[in-house]
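Engineer: Model the structure of this input:
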Amino acid sequence: MPHFAQGVVKFQREVFPEKAELFEKLATGQSPEALFITCSDSRIETAMLTQTDPGELFICRNAGNIVPPHTNQTGGMTASIEFAIGALKIPHIVICGHTECGAMKGAMNRAGLTTLPHVREWLGYAQGAVD
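Structural biologist: Okay, here's the model as predicted:
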């Protein structure tokens with residue numbers, strides 16, 4: 001994990017000064033162009049993929065880039081989507097999946113997820129797509 005700390009130091013010394021004006025603007029608020037829902041897979045790098053800067057996308061990540069059905073229950077995805085649309089007035093929503101998604105493989109065989117009960121339940125939201 002020390003390389004993470006080194007990355008933060010490099011960001012503070014090199015990246016932040018180069019983009020100081022952008023970060024000063026972002027400190028006063030945000031107005032992203034899109035809500036970008038994608039997988040939590042560590043191989044998905046949204047800024048690299050979309051060639052965007054901080055502040056351009058409001059990003060929500062979860063296993064399988066799943067949007068659960070709307071209910072009266074509060075959850076992280078529901079609250080994030082509500083905030084993006086209701087408070088930030090974001091005009092566009094992008095749902096971005098990827099190849100070789102472990103979550104979608106799990107959704108295709110939920111019976112094999114007996115040792116991961118929360119993952120199994122979460123992937124149940126994708127059952128309609130699987131069927």
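
Engineer: C-alpha from now on. contacts and neighbour counts both.
Structural biologist: Will do.

Engineer: Quickly list what N62 is bridged to.
Structural biologist: C39 (DSSP bridges).

Engineer: If you rank every helix and strand of the protein by mean pLDDT, what lands last?
Structural biologist: helix 127-130 (a mean of 88; mean pLDDT, DSSP states H and E).

Engineer: Just the CA trace of that helix, in PDB.
Structural biologist: The C-alpha atoms that make up helix 127-130 are tabulated as PDB, following Å, rounded to 0.1, in the frame of the first residue of the first chain:
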ATOM      1  CA  GLN A 127     -32.500 -11.600 -12.700                       C
ATOM      2  CA  GLY A 128     -34.900  -9.900 -15.200                       C
ATOM      3  CA  ALA A 129     -32.000  -9.400 -17.600                       C
ATOM      4  CA  VAL A 130     -30.800 -13.000 -17.100                       C
END
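
Engineer: and that helix, what other elements does it pack with?
Structural biologist: helix 102-108 (3 or more C-alpha pairs under 8 Å, 6 or more residues apart in numbering; DSSP states H and E).

Engineer: ok, the closest residue in space to P32 that isn't next to it in sequence - how many residues close by?
Structural biologist: What sits nearest to P32 in space, not counting adjacent residues and going by C-alpha to C-alpha, 6 or more residues apart in numbering, is E56, at 4.4 Å. Residues lying near E56 (other C-alpha atoms under 10 Å) number 17.

Engineer: just to revisit the earlier point, give me the contact list for the least confident helix or strand of the chain.
Structural biologist: By C-alpha atoms under 8 Å, 6 or more residues apart in numbering, the residues outside helix 127-130 that reach it are 107-108.

Engineer: With that, I have no additional questions.
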